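> sequence? don't have it. structure:
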């Protein structure tokens, strides 16, 4: 073995650096050597793209020209974005999309988890069926829902007409006012099973004895839920909501495949808009500036996520 | 406070009978321990009394009411659980106040009762803390307090000390005993630890396999176990049980072993063994009633030392005798070594005799 690990004598001789942090690194140089390949790969596939996106966000990139013809324009891309009407429209859509999907998915998932928590015949089968939306391909699901919503051949329209509720099938996704809610319904359908699974796992950790104690103490079913079950699920709820929020903020497949942002930007959210700007209209600079803004917002969400997780550990550690 | 009557109580899960025709009366102010090994039905019985489990048949009377179909909250009981079951997100104060809030008592009355309970249990300084900031003993005291504020007719305790370390358990044992004496509370206490039952309870109900085996004062249960199960379960180290056969030779009745020796019996013990329907008789003897000799004396039986366990005050010797292991306690100044040959002398007055077939104690007239 040539790696120096223990002997202080040997380490002192080999030690060329004096400053604290560097000395620390030198003392653990073998450990750093082991993780170096992983760090190198991360730098290439993550750090460099992030850097390049930030760089591009300060340049004008004329469509049709090569990227090396870009010209530095400072914060112009950012001012362009923040002053454009589309930006505010898309931001509003993103907020509705993210909060609507997250909130309703969580509530629906939680309710389903509570319903499935009791033992009844067919519980296993029902649970398996309810997980299907989450496990099938989002692309396939998007195409299926596109047909379900179709204004001429869609099954929902046909049923509504058949029941005599409307004369002609409603136009779900070719209509500026209904397109976003329609897409949110699909998104909820797809991701509520995730919330359900998380909350089902959480429910299994509620101590049975606490519920019994509350029963003896005179709490009714609702009070037992409110005073015992719900507080116990606080942490898993926070984590579930944050994971859903990040996933929804980053949504792409469902809105892109079903409507590609249309009609007239009514269903564009940030990710689809950035994609269209970059790969549709080749406005790399503006798209990069958008990405940087999105990155900052997601970093903030990520911060809360990590804090919620480490909060859990602190509590478990001292319990 | 109130008395509790269980009458022909039965609980079945499918074809499994967890509680089998249990009948007993707990008098007002009595401390009764339900004791038995795991799965004997003691906790199920307690849950039936609490109303957390529904009864299959029989009656439960608390005070003067039949409570078979009442919810736990309407039975006027309070329960202390094994894992304390404190609400982790609530402060000690709110934990104590919770059962009163659920009963919609006025706020100032709740405050008065909580503070009184905290004073009685000496935990006024803990009221603002969360359960996780308390030691195991303090948590258990809060659990007691939460039962106390309710001023219930009956306290039900489900192995409340089994999560505590040995030293704290001894301390909390005397605290609960004191709690009972001060409040004159009716307490039904479940434990698998026979020592807890013997030291704390006015009466103990020994259960096994869903059946109530014996219900009497600890002293009676200790001195007159009704069957081999109770005999071996109560007392530590356990009573030694030696399977033997009766024989009549030369006009006298004796117990003989397959090893060849025989043990003459006193007239009273002869009367007992003649009650047995079979020749198979089991001799039971507690460690303190057997004398150990280093050489043969009249009436003693040869045995071989298996292990020697000095505990300071006494030394426990385990010896092989007729295929069974016999526990004997000797003063610490008597030195014996494993595999040493010894002679054991049984006290005729204090030995127990059991029917080898039915396992029931044989009694003289």
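Done, it's in. Keep in mind that what you see is a predicted model, and the values were worked out from it rather than measured. Numbering: from 1, shown residues only, chains lettered A, B, ... in the order given.
> quick one: the strands in the stretch 51-200 of chain A?
Listed in chain order, the strands of the stretch 51-200 of chain A (DSSP state E, counting those that start in this stretch) span A:59-60, A:71-72.
> would you turn those strands into CSV with mean pLDDT?
Converted to CSV, the strands of the stretch 51-200 of chain A look like this (pLDDT from 0 to 100):
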stretch, mean pLDDT
strand A:59-60, 86
strand A:71-72, 83
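> out of the ones you listed, nearest to residue A:222?
Closest to residue A:222 of the strands of the stretch 51-200 of chain A, according to CB to CB: strand A:59-60, at 59.1 Å. Any C-beta I mention is one placed from the backbone N, CA and C, and that applies to glycine too.
> any idea of the pLDDT on the nearest residue to residue A:181 once chain neighbours are set aside?
In space, and not counting its chain neighbours, residue A:181 is closest to residue A:100: 7.8 Å by CB to CB, 6 or more residues apart in numbering or on different chains. Model confidence at residue A:100, given as pLDDT, is 95.
> So residue A:100 is in contact with residue A:184, correct?
Yes: the criterion here is CB atoms under 8 Å, and residue A:100 meets it with residue A:184 at 4.9 Å.
> which one of these two has more residues nearby?
residue A:184 (22 against 18; other CB atoms under 10 Å in any protein chain shown).
> Spit out the contact partners of the more buried one.
A:96-97, A:100-101, A:104 (CB atoms under 8 Å, 6 or more residues apart in numbering or on different chains).
> ok, back up a step: measure the residue nearest to residue A:181 to residue A:196 for me?
Applying CB to CB, to the nearest Å, one obtains 18 Å for the distance of residue A:100 from residue A:196.
> near chain A, which residues of chain B?
Proximity of chain B to chain A, by CB under 8 Å from any CB of the partner chain, involves residues B:50, B:52, B:71-73, B:77-79, B:81-83, B:85, B:87-90, B:98-99, B:102-103, B:132, B:146, B:150.
> Quick one: name the residues of the stretch 101-250 of chain A near chain B.
So the stretch 101-250 of chain A meets chain B at A:207, A:209-210, A:212-219, A:223, A:227-228, A:231-232, A:234 (CB under 8 Å from any CB).
> which of the residues you listed are buried?
A:210, A:212-219, A:223, A:227-228, A:231-232 (16 or more other CB atoms under 10 Å in any protein chain shown).
> burial of residue A:38, as a residue count?
9.
> err, residue B:312, not the other one
When neighbours are counted by other CB under 10 Å, residue B:312 registers 6.
> just the one 3 residues further on next, same as before
Residue B:315 sits with 19 neighbouring residues when counted by other CB under 10 Å.
> next one: the one 3 residues further on
One way to gauge burial is a neighbour count; for residue B:318, by other CB under 10 Å, it gives 19.
> any idea which helix or strand carries it?
Counting by DSSP states H and E, the element that carries residue B:318 is strand B:315-321.
> Among the strands of the stretch 51-200 of chain A, which comes closest to chain B?
strand A:59-60 (52.8 Å; CB to the nearest CB).
> That closest one pairs with which strands, and in what direction?
Partner strands for strand A:59-60, per DSSP bridges, with pairing direction: strand A:71-72 (antiparallel).
> Show me the shaky parts of the chain.
No chain was given, so I picked chain A. Low-confidence segments of chain A, defined by pLDDT under 70: A:1-19, A:63-65, A:67, A:311-319.
> switch to chain B, that's the one I care about
For chain B (pLDDT under 70), the answer is B:1.
> any idea how far residue A:43 is from chain B?
For residue A:43, the distance to chain B (CB to the nearest CB, to the nearest Å) stands at 43 Å.
> ok, that residue to residue B:273 distance?
Residue A:43 is 90 Å from residue B:273, by CB to CB.
> in which helix or strand would I find residue B:306?
Here residue B:306 is assigned to strand B:301-310, by DSSP H and E.
> Okay, now the sheet partners of that strand, with direction.
Neighbouring strands of strand B:301-310 in its sheet, by DSSP bridges, are strand B:315-321 (antiparallel), strand B:341-346 (antiparallel).
> Mind listing residues that contact the next helix-or-strand element following the first one?
Using DSSP H and E, the helix or strand that follows strand B:315-321 towards the C-terminus is strand B:324-330. Identification of contacts with strand B:324-330 by CB under 8 Å, 6+ apart yields B:237-238, B:240-243, B:285-288, B:290-292, B:303, B:306, B:314-320, B:336, B:344.
> for stretch B:303-311, same thing?
Identification of contacts with stretch B:303-311 by CB under 8 Å, 6+ apart yields B:315-321, B:325-326, B:332, B:336-344.
> can you tell me the residue of the stretch 101-250 of chain B closest to chain A?
residue B:102 (3.7 Å).
> Is the residue nearest to that residue when sequence neighbours are not counted in a helix, a strand, or coil?
For residue B:102, ignoring the flanking residues on the chain, the nearest one in space by CB to CB, 6+ apart is residue A:218 at 3.7 Å. What DSSP: H, G, I helix; E, B strand; the rest coil gives for residue A:218 is coil.
> how far away is residue A:218 from residue A:76?
67 Å.
> What of residue B:279?
Distance, residue B:279 to residue A:76, by CB to CB: 110 Å.
> try residue B:50
Applying CB to CB, the value for residue B:50 to residue A:76 is 73 Å.
> Comparing the two, which residue is more hemmed in?
residue B:50 (22 against 17).
> separation between the more buried one and residue A:20?
Residue B:50 is 62 Å from residue A:20, where distance means CB to CB.
> if we can go back for a sec, more crowded one of residue A:43 and residue B:273?
residue B:273 (21 against 11).
> what sits against residue 290?
The chain I'm using is chain A. Contacts of residue A:290 (CB under 8 Å, 6+ apart): A:81, A:270, A:273-274, A:277.
> meant chain B, my bad for not saying
Here residue B:290 is in contact with B:240, B:326-328, B:344-347 (CB under 8 Å, 6+ apart).
> try 7 Å
For residue B:290, the contacting residues are B:326, B:328, B:344-346, by CB atoms under 7 Å, 6 or more residues apart in numbering or on different chains.
> residues near the residue in the stretch 1-150 of chain A positioned nearest to chain B, how many?
Chain B sits closest to residue A:119 of the stretch 1-150 of chain A, with a gap of 13.8 Å, by CB to the nearest CB. By other CB under 10 Å, the residues close to residue A:119 number 6.
> before we move on, what about residue A:37?
9.
> Check the secondary structure at it for me.
Per three-state DSSP, the secondary structure class of residue A:37 is helix.
> who touches stretch B:331-345?
B:290-297, B:299-308, B:310, B:312, B:314-315, B:317, B:319, B:321, B:326, B:328.
> of those residues, buried ones?
Taking 16+ other CB under 10 Å as the criterion, what is buried in the contacts of stretch B:331-345 is B:290, B:292, B:300-301, B:303, B:305, B:308, B:314-315, B:317, B:319, B:321, B:326, B:328.
> and residue A:240, how many residues sit next to it?
24.
> All set, thanks.
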